[in-house]
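Student: attaching a predicted model along with its sequence, questions to come.
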Amino acid sequence: MQNHYLAILELQPGATRQEIKAAYRRLSKKHHPDISQDPRAKERFIEINEAYKFLTDVGPYPGNQTVSYDYNPQNDEYNTWRRKAREHAWRMAKEAERRQNELIKSLLRTFNIVASIIIIFNLLLSLDYLLPWKEHDEKILQIKMGYETVGRRLKVYKYDDVEFSNFKMRFVAREVIGLTQYEKAVVIATPIFRKPMSVKISAEGHINTHHQAFNIFQIFGYMIPLVFIVLIFYLFILKLLDHKLTLAIFMIFLFITQLYLFFLY
């Protein structure tokens, strides 16, 4: 028990007050609950504060040439300082936890604004998909082969990219690349965001329907209900601040992905 507190601060007998302060600053920063990922961080933080308070209050004094850290665990003075030190350490730990919770609450308040934007955007997407789609008479301006890079150098032909008068569409490879003569092209698009869903092409007396390979509705349409499910968990089910913050971060990444797909296709 003689050098218990010195061991906590990783010091040797005879350590000066300056060395005690330096060790305290270094270890309290290392094991601070807001920084350390160690599950025992809070407990270690309290021990470090207790050791620092005891050594600075009961340990060496200015002008005292003989420095002794001996103490008797049964001594009333030791018990008094131990109690005060632990109370002080617990207050600091509670204050650190309070500051962390306040920071999380502040971040979540900001996210609530973003969540409102996400809800409105996805409601508009849902409405855009459910409302009757509109037909647009178009001219085919260009058809070209679309390649996808596989590995570092290999390019594989995977798509037919078609540019119409007012739309750009992508189809599965070889679906329309050979089309040279056509009589009429009618693009079917959503009414709000004008996302092309399919096209009817009349050629040689036949009408063929070609569907957009993928866009925010085709292939990636599952993201819309996923957004609503995640928001329900965030708003009504999760209660712990840490869990809500984790879900909020996931929601932001999901929304960014949605926006990328929305403007790309």
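Tutor: Perfect, thanks for sending it.
Student: in which helix or strand does residue 135 reside?
Tutor: With elements taken from DSSP states H and E, the one containing residue 135 is strand 134-138.
Student: that strand packs against which elements?
Tutor: Secondary-structure packing of strand 134-138 (3 or more CB pairs under 8 Å, 6 or more residues apart in numbering; DSSP states H and E): strand 184-189. Where C-beta positions appear, they are placed from N, C-alpha and C, glycine not excepted.
Student: could you list the paired strands of the strand it packs on along with their orientation?
Tutor: Sheet pairing of strand 184-189 (DSSP bridges) gives strand 134-138 (antiparallel), strand 196-203 (antiparallel).
Student: for residue 148, find the nearest of the ones you listed.
Tutor: Nearest of the strands paired with strand 184-189 to residue 148, taken as CB to CB: strand 196-203 at 20.3 Å.
Student: figure out how far that closest one is from the centre of its chain.
Tutor: 40 Å (CA atoms, centre = their mean, to the nearest Å).
Student: sort out which residues of it are buried, please.
Tutor: 196, 197, 198, 199, 201 (16 or more other CB atoms under 10 Å).
Student: picking that back up, now the element after the strand holding residue 135, going C-ward?
Tutor: Downstream of strand 134-138 (by DSSP H and E), the next one is strand 140-150.
Student: helices along the stretch 101-250 of the chain, start to end?
Tutor: 223-232, 241-264 (DSSP state H, counting those that start in this stretch).
Student: Serialize those to TSV and add fields for mean neighbour count and distance to residue 44.
Tutor: Conversion of those to TSV gives the following (neighbours: other CB atoms under 10 Å; distance: least, CB to CB, whole Å):
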stretch	mean neighbour count	distance to residue 44
helix 223-232	15	36
helix 241-264	14	20
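Student: compare those helices and give me the one nearest residue 108.
Tutor: When the helices of the stretch 101-250 of the chain are compared by CB to CB, helix 241-264 sits nearest residue 108, at 6.0 Å.
Student: the closest one vs helix 223-232, what angle?
Tutor: With axes from the mean of the first three to the mean of the last three CA atoms, to 10 degrees applied, the angle from helix 241-264 to helix 223-232 works out at 160 degrees.
Student: same for helix 241-264, what does it pack against?
Tutor: Under the contact criterion of 3+ CB pairs under 8 Å, 6+ apart, helix 241-264 touches helix 76-130, helix 223-232.
Student: pLDDT of that helix, averaged?
Tutor: What helix 241-264 shows for mean pLDDT is 94.
Student: quick thing: my sequence starts at 598, can you match it?
Tutor: Right, with 598 as the first residue, what we last looked at is helix 838-861.
Student: ok, of the helices and strands packed on helix 838-861, where does mean pLDDT dip lowest?
Tutor: The stretch with the lowest mean pLDDT among the helices and strands packed on helix 838-861 is helix 673-727, at a mean of 87.
Student: direction-wise, compare that one with helix 820-829 and give the angle.
Tutor: Put simply, helix 673-727 runs at 150 degrees to helix 820-829, going by the same axes, to 10 degrees.
Student: can you name every helix or strand that helix 673-727 contacts?
Tutor: Partner elements for helix 673-727 (3+ CB pairs under 8 Å, 6+ apart): helix 638-655, helix 820-829, helix 838-861.
Student: can I get those in JSON lines including distance to residue 728?
Tutor: What follows is these, written out as JSON lines (distance: least, CB to CB, whole Å):
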{"stretch": "helix 638-655", "distance to residue 728": "54"}
{"stretch": "helix 820-829", "distance to residue 728": "14"}
{"stretch": "helix 838-861", "distance to residue 728": "17"}
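Student: between those, which one is nearest to residue 747?
Tutor: That would be, of these and by CB to CB, helix 838-861, which comes in at 19.4 Å.
Student: before we move on, the earlier item: and the strand holding residue 732, C-alpha only, in CSV?
Tutor: C-alpha atoms of strand 731-735 as CSV (Å, rounded to 0.1, in the frame of the first residue of the first chain):
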residue,chain,number,x,y,z
LYS,A,731,-46.2,11.3,-68.4
GLU,A,732,-45.3,10.6,-72.0
HIS,A,733,-42.9,12.8,-74.0
ASP,A,734,-42.4,12.6,-77.8
GLU,A,735,-38.6,12.5,-78.3
